[in-house]
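K.L.:
Sequence first, then the predicted structure:
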Amino acid sequence: MSVSTEGAVAFDPYDVDINVDPYPVFRRLREEAPLYYNEQYDFYALSRFEDVERGFVDHHTFSSAHGGVLEAIKAGYTAPSGVFIMEDPPVHTAHRGVLARVFTPKKMHALEPQIRAYCADVLDPLVANERFDFVVDLGAKMPMRVIGMLLGIPEEDQEAIRRQADERIRREPGKPHRYRANHFTDDEFFGDYIDWRAEHPSDDLMTELLLVEFEDETGTVRRLTRGEILTFVKVLASAGNETTNRLIGWTGKVLGEHPDQRRELAADRSLIPNAIEEILRFEPPSINGARFVARDVELYGETVPAGSAMMLLRGAANRDHRMFPPDGDVFDIHRRIDHHLTFGYGIHFCLGAALARLEGRIALDEVLSRFPDWEVDTDHAELDSSLVRGWRSLPTFLG
């Protein structure tokens, strides 16, 4: 249904005010315009949980091959081989299979001692402070150290890589993101590492990518090309840092606003895993996904034509009371969660989900051990303008 009448709900994904708190608009979309059309930017949007989940699963209708965000689809961006988040089967199946052998939950959980050590390195020097910034002090550091360790990137280079990845997904406030032709393929930083690691193999993910053999979409058994490895590494470095960075920031913000539930967590750490799931549901770092409509599809009595762009509003779906009764806009660490859509669903379910959850749980546990009470300094908190929604800075007063 096209929404253009006076007083009707309007959703502009680039509106700065909406980005601060999109959930009132999302609630109206779910109830008033479950199939929404934005004429200005020429896209459709789905907001109810069942519809968004189906959209993630049905890759024959809702294709990832033209990108996973609206700007890429509208720009006609063509991703290089290896950007598996922008691929459909059979290419996606082959590329994802390579990484699935590396990013197993068992391998990720084996990292817990190192992750706790990284948290301690960051947090212990701050114990006597009166203030703590969830993002600047922790979120911008610990996840990059973890992905740097996995990829075998020296610590002295990790901050520069984090900044590069951060800039790649930043947008000018109020405007669409612009994709460069070499968005995933420039050799800056990673080219030298790949070449050096080819001559000096080690026990890290980059070495595994260099040596792995797999069956590609043509049935040929081969190794990854240098270009594919470069693309894999850039995607992993960005995704492995930014999403967990945002999760840590939202953990500080949400629990700062719910002190009674935070005190429950401090007293009973067994509640932390479900609390992290609820934070992921309540404030997903990526509130919007997008797909290219590969064939005509009937939705709510209207035909969405092939060639359209469809936004799958996971942030709206995650608060749908039909899936999360009685009110998805209520934060509750005791909520029973079957599953949410923060990590997507279906063949594109996030490979790094187990690692992100682990890092989120450890970060919260380690923070509570040192800073059980905090209050967000809202006057100085800074929301980032980025493809991944979250905080650039989240300073807090320590109790």
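P.N.:
Yep, that arrived. Numbering: from 1, shown residues only.

K.L.:
so how far is the first residue of stretch 334-351 from its last?
P.N.:
26 Å (Cα to Cα, to the nearest Å).

K.L.:
count of residues packed around the nearest residue to residue 216 once chain neighbours are set aside?
P.N.:
Nearest residue to residue 216, sequence neighbours excluded (Cβ to Cβ, 6 or more residues apart in numbering): residue 94, at 4.8 Å. Placement of C-beta: from N, CA and C, glycine included. Here the number of neighbours of residue 94 (other Cβ atoms under 10 Å) works out to 20.

K.L.:
Wait, residue 307 touches residue 293, no?
P.N.:
Yes - using Cβ atoms under 8 Å, residue 307 makes contact with residue 293 at a distance of 6.5 Å.

K.L.:
neighbour-wise, which of those two wins?
P.N.:
Higher neighbour count among residue 307 and residue 293: residue 293, with 21 against 12, using other Cβ under 10 Å.

K.L.:
which ones are touching the more buried one?
P.N.:
With contacts defined as Cβ atoms under 8 Å, 6 or more residues apart in numbering, residue 293 is in contact with 44, 61-63, 304-310.

K.L.:
Among these, which are located in strands?
P.N.:
Judged by DSSP state E, strands contain the following of those: 44, 62-63, 304, 309-310.

K.L.:
Show the buried residues in the residues you listed.
P.N.:
Neighbour counting by 16 or more other Cβ atoms under 10 Å classes 44, 62-63, 304, 309-310 among the ones in strands among the contacts of residue 293 as buried.

K.L.:
Identify the farthest-apart pair in these.
P.N.:
44 and 63 (14.1 Å; Cβ to Cβ).

K.L.:
Pick out the residue closest to the middle of this protein.
P.N.:
Taking Cα atoms, centre = their mean, the centroid of the chain lies closest to residue 243, which sits 4.1 Å from it.

K.L.:
Relative to the whole chain's centre, how far out is stretch 254-274?
P.N.:
23 Å (Cα atoms, centre = their mean, to the nearest Å).

K.L.:
quick one on the thing from earlier: a markdown table please, covering the contacts of residue 293 and showing distance to residue 121 and pLDDT.
P.N.:
Output for those, formatted as a markdown table (distance: Cβ to Cβ, whole Å; pLDDT from 0 to 100):
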| residue | distance to residue 121 | pLDDT |
| --- | --- | --- |
| 44 | 47 | 98 |
| 61 | 47 | 98 |
| 62 | 43 | 97 |
| 63 | 43 | 95 |
| 304 | 50 | 98 |
| 305 | 54 | 98 |
| 306 | 52 | 98 |
| 307 | 51 | 96 |
| 308 | 48 | 97 |
| 309 | 44 | 97 |
| 310 | 43 | 98 |
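
K.L.:
Show me the strands in the protein, by range?
P.N.:
Using DSSP E, strands in the chain cover 35-38, 43-46, 62-63, 131-133, 213-215, 221-223, 289-293, 297-299, 302-304, 309-312, 374-376, 382-383, 391-393, 395-398.

K.L.:
Including distance to residue 122, could those go into a markdown table?
P.N.:
Below are the strands of the chain laid out as a markdown table (distance: least, Cβ to Cβ, whole Å):
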| stretch | distance to residue 122 |
| --- | --- |
| strand 35-38 | 41 |
| strand 43-46 | 39 |
| strand 62-63 | 40 |
| strand 131-133 | 10 |
| strand 213-215 | 37 |
| strand 221-223 | 37 |
| strand 289-293 | 31 |
| strand 297-299 | 47 |
| strand 302-304 | 47 |
| strand 309-312 | 35 |
| strand 374-376 | 16 |
| strand 382-383 | 20 |
| strand 391-393 | 16 |
| strand 395-398 | 15 |
